[in-house]
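Participant: generate coordinates for the sequence data below:
(2 chains, ligands or ions: 3)
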Amino acid sequence: MKTLMTGNEAAAMGARMSRPQVIAAYPITPQTSIAEKLAGYTARKEIEARYIKVESETSAMAACIGGSLSGARVFTATSSQGLALMHELLHWAAGARLPVVLVNVNRSMAAPWSLGVDHNDTLSQRDTGCLQIYCETAQEVLDTVPMAYALAEKALLPVLICMDGFLLSHYTEPVDLPNQEDVDRFLPRRRADYRMDPNRPFTFGGGVSAEVLYGLRRRMQQDMDAAPALWEKINRRFRKIFARSLPAVETHGMEGSDLALVTNGTMAGTVKAYLRDRGAEKGVGLVKMRFFRPFPTESLRKVLEGCRAAVVVDRDLSPGGGGIFAQEVRAALHGTGPGIPVVSVIGGLGGVDVTPDHLDRLVTDLRSRRELPFETLWMEV
Amino acid sequence: MQTLQAENELVHPGSFSCPGCGLTMAYRHVLKALGRNTVVVTTAGCGSVVAGYYPMTSIKVPFFHCSFGTAASTAAGLRAGLDMMGKENTQVLAWAGDGGTFDIGLQSLSGAAERNDNILYVCYDNEAYMNTGVQRSSATPPGTWTTTTPGEAPEDRLKKDIVGIMAAHGVPYIATACTSFPEDLRKKVRRARAIPGFRFLHVLAPCPTGWMYAASETVHIGRLAVSTRTFPLFEILDGETTRLSPMPDKVPVTDYLKAQRRFRTLNEEEVRRIQEDVDRRWSRLSSAGRRKEE
Ligand SMILES: Cc1ncc(C[n+]2csc(CCOP(=O)(O)OP(=O)(O)O)c2C)c(N)n1
Ligand code: SF4
Ligand SMILES: [Mg+2]
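Facilitator: Ligands and ions are numbered 1, 2, ... in the order given. Now for the predicted structure:
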């Protein structure tokens, strides 16, 4: 069934259809309407869940951790400052190997205050052990939620689903609404092998030796490494039921192109619009990255093979470092054959406009240079 | 003593605590009174360390070591999850030190209390951050030596009135207790267990290491805390009705202060002021308690 939805409505609907049993959320612009929608669903008993109206995001994630330890499926959503406040708890959730699913509506970090989108909030959580999946459309947001549960509950790691504030969270788009029965078939109830059960007592999170900690971290890396293959399997199952899929890395117009614009989130939509009008004549294609953690190194190497350059457009900044995706793409491509140069471009911080014209000027500029720049480029505002 | 060794012993020997540790005693009594159908969330601190190191544990019920500031909200989430899993009868115990309760965990505690989440929250109070090596907390009483309130500048603030704060939340059950009065402690835990909603126990847990007295003196020190009325025993029902618990006859506060080297720098004038403060709080509490008895 086709219907119109904002990204936030899609997130709430995705959560609702995934049948979470514990929800704990705290309002923050631009996430608020997700928290409100879910409160409404719970109040009207449209979902069977406990909604804990916590006093902070720290407590939201703590409650999710507690809920998840009981064996229940848990959900939360937040944005920027809220996610930063959760930081310690994200480490706890990942370290305790709890399949918490969190939707983060990306927004710049203060100071100064800004409601606009960039990805510094989620990218600051890079090393917590949470998976990160970026969405471009409301449909992707809706589909990603049940798929994220399938992945989280198999990999035993938390998943952050990231969507651009306002550009995606607040714009209305047509969405194909799945049937609840189909979603139930795709995502059965969670079955937790290890949980807080007095009949089978376990201790979680207690002190360990250095050797044990080392081993656990290594296991985490191995499970992260295995996640892309797991995701592919989940995608195949999803496609069978819903005739859609969301690969970790997606390409558009890369055949016959020697320049790849690499980006994520709604920026991918802008690139698509540019490609539709001018892509072929400029010899440019799009590489859209859904996954950031685990970093999809293998897929990326495959799709960029033979490219003259990868132009990474980052809606984020590691001050003193540059574009975060660009650094990671560089690292991923390092040592591949003749080597593919990576051009790092910063754009869209704080939600500032990036249009197909901006992209065209960027491509024209790069084409006109004899040597590709190594220093970070800034898109003009 | 015989009856205490029954098979429902849920804290086994081999804990990592110092000899004479009050919190471990308190822990044993609390779990014994709660029974096997209990799950525990514990904050960073001695309470977390005494449980033992992987792959060993002295605690025989499911146990989660949570972040320092989130005992109450973690427990609230666990409660919600267990309810959804059809385990409404399982007791959820949040077990936190004074630092995890009075200071870093106060916001999370207030949230859970205000929502009346159905958990039992026990603060074991050893009156400082012991696990990190004895630094003051807002539960540290005036005149105390700690590493952050050294001899040149001992603690000069009154102990935070955590019970008053909890009473202001109107929660159904609050009690104070002390490891030196184990029957009273267990009775209060059993009472709390039977009441739905948010229940708060403030348990004084003497600490030989931080309070600087001989490990064999823990029970004696706890008794003095109560008999001097430094730490009176009482209950508050629904944030309103105060009920005093049986206590030994009142003795001067110097008996308590002199027995611990953490108070070694106190002079006579300071002891007098501490006595005044104890008397003032005791008269307020006992008149509230009496009002109830009338
Ligand atoms: C967020 C955070 N800050 C600081 C610490 C370091 N820390 C661990 S235990 C502790 C003190 C605990 O004090 P209390 O709650 O009174 O328990 P006690 O050790 O006295 O039993 C501190 C400061 C921590 N673990 N987490
Ligand atoms: S420092 Fe004190 S509270 Fe901590 S284990 Fe030792 S005696 Fe117990
Ligand atoms: Mg303490």
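Participant: flag every residue of the stretch 101-250 of chain B that's near ligand 1.
Facilitator: B:Asn126, B:Tyr129, B:Met130, B:Asn131, B:Thr132, B:Ser137 (CB under 6 Å from any ligand atom). No exception for glycine: its C-beta is placed from N, CA and C like everyone else's.
Participant: wait, the second one touches B:Gly99, no?
Facilitator: What that stands for is B:Tyr129. Yes. Contact criterion CB atoms under 8 Å: B:Tyr129 and B:Gly99 qualify, at 4.7 Å.
Participant: what touches both of those two?
Facilitator: Common neighbours of B:Tyr129 and B:Gly99 (criterion: CB atoms under 8 Å, 6 or more residues apart in numbering or on different chains): B:Gly45, B:Ser137.
Participant: who's more crowded, those two?
Facilitator: Neighbours of B:Tyr129 and B:Gly99, each counted by other CB atoms under 10 Å in any protein chain shown, are more numerous for B:Gly99; the result is 30 against 27.
Participant: quick one, helices of the chain?
Facilitator: Since no chain was named, I'll use chain A. With DSSP state H, the ranges of helices along chain A come out as A:7-17, A:32-43, A:57-69, A:80-85, A:87-95, A:120-123, A:138-155, A:180-186, A:210-242, A:267-274, A:280-282, A:297-304, A:324-333, A:356-368.
Participant: could you do chain B instead?
Facilitator: Remark: helices assigned in chain B by DSSP H are B:22-34, B:46-49, B:71-84, B:98, B:106-114, B:162-168, B:182-194, B:208-211, B:218-227, B:254-258, B:268-293.
Participant: out of these, which one sits most buried?
Facilitator: helix B:71-84 (a mean of 31; mean count of other CB atoms under 10 Å in any protein chain shown).
Participant: residues touching A:Cys307, list them.
Facilitator: By CB under 8 Å, 6+ apart, the contact list for A:Cys307 reads A:Ser257, A:Asp258, A:Leu259, A:Ala260, A:Ile340.
Participant: what's the answer for B:Thr176, then?
Facilitator: B:Val163, B:Leu201, B:His202, B:Val203, B:Leu204, B:Phe231, B:Pro232, B:Leu233, B:Phe234, B:Glu235, B:Ser245.
Participant: let me have the residues of the stretch 101-250 of chain B next to ligand 1 in JSON lines, extended by distance to B:Gly151 and pLDDT.
Facilitator: Output for those, formatted as JSON lines (distance: CB to CB, whole Å; pLDDT from 0 to 100):
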{"residue": "B:Asn126", "distance to B:Gly151": "20", "pLDDT": "98"}
{"residue": "B:Tyr129", "distance to B:Gly151": "18", "pLDDT": "98"}
{"residue": "B:Met130", "distance to B:Gly151": "19", "pLDDT": "98"}
{"residue": "B:Asn131", "distance to B:Gly151": "22", "pLDDT": "97"}
{"residue": "B:Thr132", "distance to B:Gly151": "19", "pLDDT": "97"}
{"residue": "B:Ser137", "distance to B:Gly151": "19", "pLDDT": "98"}
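Participant: what subset of these is buried?
Facilitator: Neighbour-count burial (16 or more other CB atoms under 10 Å in any protein chain shown) applied to these gives B:Asn126, B:Tyr129, B:Met130, B:Asn131, B:Ser137.
Participant: which two of the residues you listed have the greatest separation?
Facilitator: Spatial extent of those (CB to CB) is set by the pair B:Asn131 and B:Ser137 at 11.2 Å.
Participant: can you pull the domain assignment for chain A?
Facilitator: Following automatic domain parsing, one gets these domains for chain A: A:2-242, A:249-378.
Participant: got a list of what residue 244 touches?
Facilitator: Using chain A. Taking CB under 8 Å, 6+ apart, we find A:Arg244 in contact with A:Gln139, A:Asp143, A:Asp176, A:Phe238.
Participant: looking at chain B here, not the other one
Facilitator: By CB under 8 Å, 6+ apart, the contact list for B:Leu244 reads B:Pro232, B:Leu233, B:Phe234, B:Leu285, B:Ser286, B:Gly289.
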